[in-house]
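[1] after the sequence you'll find the predicted model.
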Amino acid sequence: MNAETERTIRDVVKSLGLWHIWIRLGLQDVRLKFRRSAVGVAWIFVNLAVLVSSIGFIYANLLGQDTREFIPYLTIGMILWSYLTSSIVEGGNAFVHSEGYIRQISLPIYVYVLRYFVSISATALISMLAYVAVAIIYGVALGAGTLYAIPGLVMVMAASLLFITIFAHLNARFRDIAHLASVGMQVLFYVTPVIFPARLLRQRADLAYVVDYNPMYHLIEVVRRPLLTNGPAEFQSYVATGIVLIVLTIAASVVIGMNQRRIVYAL
Amino acid sequence: MAQILLDHVDLEFHVGAERHTTLQSAVRRGLGRHRVETRTVKALQDLNLSIRSGERVGLIGHNGAGKSTLLKVMAGIYPPQRGTVVTDGHVCPLFEFITGFEMEATGWENIRTRALLLGMAPKEIERKIESIGAFSNLGEFLDIPLRHYSSGMCVRLAFATSTAVDPQILLLDEVMAAGDAAFQETARLRMNELMERASIVVFATHSLDLLPRFCERTLLLRKGRIVADGPTNEVVDLYNHGAVTAPGAEATTES
């Protein structure tokens, strides 16, 4: 292992050790995001409520779904989708927005990745409270099986951290990547079962692959399925998510290795 | 013991208006449709340097000689392409104060953020925050977001915070020019205190009259190389007598 790699690993470890910095900054970012809005952090809920109500009732009708099942399904799906999209698009700006600090202060840059991970994850976890409210209102059955959502959530959070790492590095070098990724996610949204149930696509044998080979679908399922059905997600979802995490980890290592502390030259 | 060691350090910047900052343009170039003109600027060339605990070192040279770049290399902000940099001791860089602010956050919050990033422990921050706020002389403005501050006020805030750190290695880049005249005087005193607390001070400046007061040793940089390294008075004389001319200017034979 050469000196550069050693230094990079040391930087990553050092960054993790500076948790008192990135946790504070991440939480401050969440507070600041909503400081100027009329309802503050409650905006997260208002936003979600509006989306779920409008899409929920119309699409339930359109697709012939029972709102009792559909609304909770939609709510948790949107929360998770939003989490993944933010990780890619907002996370992509982690270095770009921290430019002032990176050029003035000699902290390892992974501190900024972790800072954004905290703020994006905290926002998602706060949104989950909205799901809790919806679950209560619509009487979603809870039980021991629901706890499968916890390892699922851990996997999704790992994916989030890896997405932020990858896109923060890529977007610092090529500034249009966050935008391209945002467009990509929009397209994916239409083919991922969030606003429609998976079985509608699966019923058509020739379109089933759109669901089965969609990594975003599986990432969402490992959290969504246990919460809704009081039992584990499909086995293939766990396998797929595992594969996604491995691929993301490799990609993150490659991206970090290629940039090796030279991010500052791209800013 | 604090120390700074640079061994055969080379630093280059790849610049050019055509440098690809978007994936789009990089792809077009790959398809052969877009000519690129990137130049390589050799900011630092084969730099060897050793600074020990207790030294106060000045850094002088014309604009573009590489002073700021050298400071950033010492701070670990710019990793060099070749050579090694060893710094032992907590580094406190005092560079530009134009960026590094959270505009939506209040003065107090910005103090905490900046102090944390500069390496102050949370307990230390709570101990010092009142005096930092008092020194900045921003009064009630500290309670409102930085969006409403003038640039001078932001600088005062950054300066007050950055000078509250306890540095082992202090790297200064022309920071003396912060704020208005009244602030300058208090700033100077605070800078003196800060420099006394540090084991090593490296001070880049154009103020040649200030230099002998603070630094017993001075480095003269020209086009990324150290052309002189010795007692301040001698090196300053060398610089003044035009032994080093500004790039593009005629050599002067008398001072």
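    Done, it's in.
[2] could you find the closest non-adjacent residue to B:G54?
    Counting by Cβ to Cβ, 6 or more residues apart in numbering or on different chains, B:G54 lies nearest to B:S199, which is 6.5 Å off, once chain neighbours are set aside. (C-beta placed from N, C-alpha, C; glycine too.)
[3] wait, B:S68
    Using Cβ to Cβ, 6+ apart and skipping residues adjacent in sequence, the residue nearest B:S68 is B:D173, 5.5 Å away.
[4] counting neighbours, what do you get for the residue nearest to B:G54?
    If you count neighbours by other Cβ atoms under 10 Å in any protein chain shown, B:S199 ends up with 20.
[5] give me the pLDDT for residue 43.
    Chain wasn't specified; assuming chain A. Looking at A:W43, its pLDDT stands at 78.
[6] not quite, go with chain B.
    Reading off the model, B:A43 has pLDDT 86.
[7] and the residue nearest to B:S68, its phi and psi?
    Phi and psi for B:D173, reported as degrees, to the nearest 10, are phi -120, psi 90.
[8] and for B:G58?
    Dihedral angles (degrees, to the nearest 10) for B:G58: phi -90, psi 160.
[9] from chain A, how far off is it?
    21 Å (Cβ to the nearest Cβ, to the nearest Å).
[10] what's that residue in contact with, if anything?
    B:203-205, B:211, B:214-215, B:217-219, B:232, B:235 (Cβ atoms under 8 Å, 6 or more residues apart in numbering or on different chains).
[11] hmm, 6 Å instead?
    With contact set as Cβ atoms under 6 Å, 6 or more residues apart in numbering or on different chains, B:G58 has these partners: B:203, B:211, B:215, B:218, B:232.
[12] for it, give the beta-bridge partners.
    When bridges are called by DSSP bridges, B:G58 pairs up with B:F203, B:T218.
[13] quick check: the gap between it and B:G133.
    Distance, B:G58 to B:G133, by Cβ to Cβ, to the nearest Å: 32 Å.
[14] with B:R147 instead?
    The spacing between B:R147 and B:G133, counted by Cβ to Cβ, is 18 Å.
[15] these two - which one has more neighbours?
    Neighbour comparison, B:R147 and B:G133: the larger count goes to B:G133, with 20 against 11 (by other Cβ under 10 Å).
[16] find the nearest non-adjacent residue to the more buried one, please.
    Spatially, and ignoring its direct neighbours in sequence, B:G133 is nearest to B:L142 (5.3 Å; Cβ to Cβ, 6+ apart).
[17] need the contact list for the one you found.
    B:107-108, B:133.
[18] you'd agree it is in a helix?
    Yes. Judged by DSSP: H, G, I helix; E, B strand; the rest coil, B:L142 forms part of a helix.
[19] now do the contacts for the residue nearest to B:G54.
    Contacts of B:S199 (Cβ under 6 Å, 6+ apart): B:2, B:53, B:168.
[20] mind showing which ranges of chain B have poor pLDDT?
    Scanning chain B for pLDDT under 70 picks out the ranges B:16-20, B:33-37, B:175-183, B:243-255.
[21] what about the residue at minimal distance from the centre of chain A, distance to B:P167?
    For chain A, A:L84 is the residue whose C-alpha lies nearest the centre (Cα atoms, centre = their mean; 2.4 Å). Going from A:L84 to B:P167 by Cβ to Cβ gives 42 Å.
[22] same check on A:Y190?
    A:Y190 is 54 Å from B:P167, by Cβ to Cβ.
[23] go on, B:R56?
    13 Å.
[24] which residue is it, in chain B, that comes closest to chain A?
    B:T99 (2.8 Å; Cβ to the nearest Cβ).
[25] which SSE is B:E12 in?
    Element membership for B:E12, per DSSP states H and E: strand B:3-15.
[26] neighbouring strands of that strand in the sheet, and parallel or not?
    strand B:39-52 (antiparallel), strand B:82-88 (antiparallel).
[27] list the buried residues for that strand?
    B:3-6, B:9, B:11-13 (16 or more other Cβ atoms under 10 Å in any protein chain shown).
[28] grab the nearest non-local neighbour of residue 128.
    Went with chain A since none was named. A:I79 (6.2 Å).
[29] not what I meant, chain B
    Spatial nearest neighbour of B:K128, chain neighbours left out: B:A164 (5.1 Å); criterion: Cβ to Cβ, 6+ apart.
[30] between the contacts of B:G58, which is nearest B:N48?
    Nearest to B:N48, judged by Cβ to Cβ, of those is B:T218 at 16.3 Å.
[31] what's the weakest-modelled helix or strand in chain A?
    helix A:263-266 (a mean of 76; mean pLDDT, DSSP states H and E).
[32] just the CA atoms of that helix, as PDB, please.
    This file holds the C-alpha atoms of helix A:263-266, laid out as PDB (Å, rounded to 0.1, in the frame of the first residue of the first chain):
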ATOM      1  CA  ILE A 263     -10.400  17.800  -4.500                       C
ATOM      2  CA  VAL A 264      -9.100  21.200  -3.400                       C
ATOM      3  CA  TYR A 265      -7.600  21.800  -6.900                       C
ATOM      4  CA  ALA A 266     -11.000  21.300  -8.500                       C
END
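[33] show me what it is packed up against.
    The contact analysis (3 or more Cβ pairs under 6 Å, 6 or more residues apart in numbering or on different chains; DSSP states H and E) places helix A:263-266 against helix A:149-173.
[34] next, the buried residues of the helix or strand just after the helix it packs on.
    Counting by DSSP H and E, the element after helix A:149-173 in chain order, helix or strand, is helix A:177-191. Neighbour counts over helix A:177-191 (16+ other Cβ under 10 Å) mark A:177-178, A:180-181, A:185, A:188 as buried.
[35] next, count neighbours for residue 42.
    All of this is about chain A. A:A42 has 13 neighbours, counted by other Cβ under 10 Å.
[36] correction: the question concerned chain B.
    15.
[37] ok, B:P212 next?
    Every residue meeting other Cβ under 10 Å relative to B:P212 is counted, giving 14.
[38] now do A:I58
    11.
[39] quick one: it from chain B, how far?
    36 Å.
[40] that's a helix at that residue, yeah?
    Yes. Secondary structure assignment places A:I58 in a helix (three-state DSSP).
[41] show me the contacts for it.
    Here A:I58 is in contact with no residue (Cβ under 6 Å, 6+ apart).
[42] how close does A:A133 sit to chain B?
    Taken as Cβ to the nearest Cβ, the span from A:A133 to chain B is 28 Å.
[43] element containing that residue, please.
    Going by DSSP H and E, A:A133 is in helix A:110-137.
[44] avg pLDDT for that helix?
    92.
[45] which bits of chain A sit near chain B?
    Residues of chain A lying near chain B by Cβ under 6 Å from any Cβ of the partner chain: A:20-21, A:32, A:35, A:100-101, A:104-106, A:174-177, A:261.
[46] can you select the buried ones from those residues in ChimeraX?
    Buried subset of the residues of chain A next to chain B, written as a ChimeraX selection, criterion 16+ other Cβ under 10 Å:
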select /A:21,32,100,101,104,105,106,174,175,177,261
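[47] mind listing what's buried in stretch B:113-131?
    B:113-120, B:125, B:128-129.
[48] how about stretch B:156-176?
    B:156-165, B:167-176.
[49] same question, stretch A:21-31
    Buried, per 16+ other Cβ under 10 Å, within stretch A:21-31: A:21-22, A:24-26, A:28-30.
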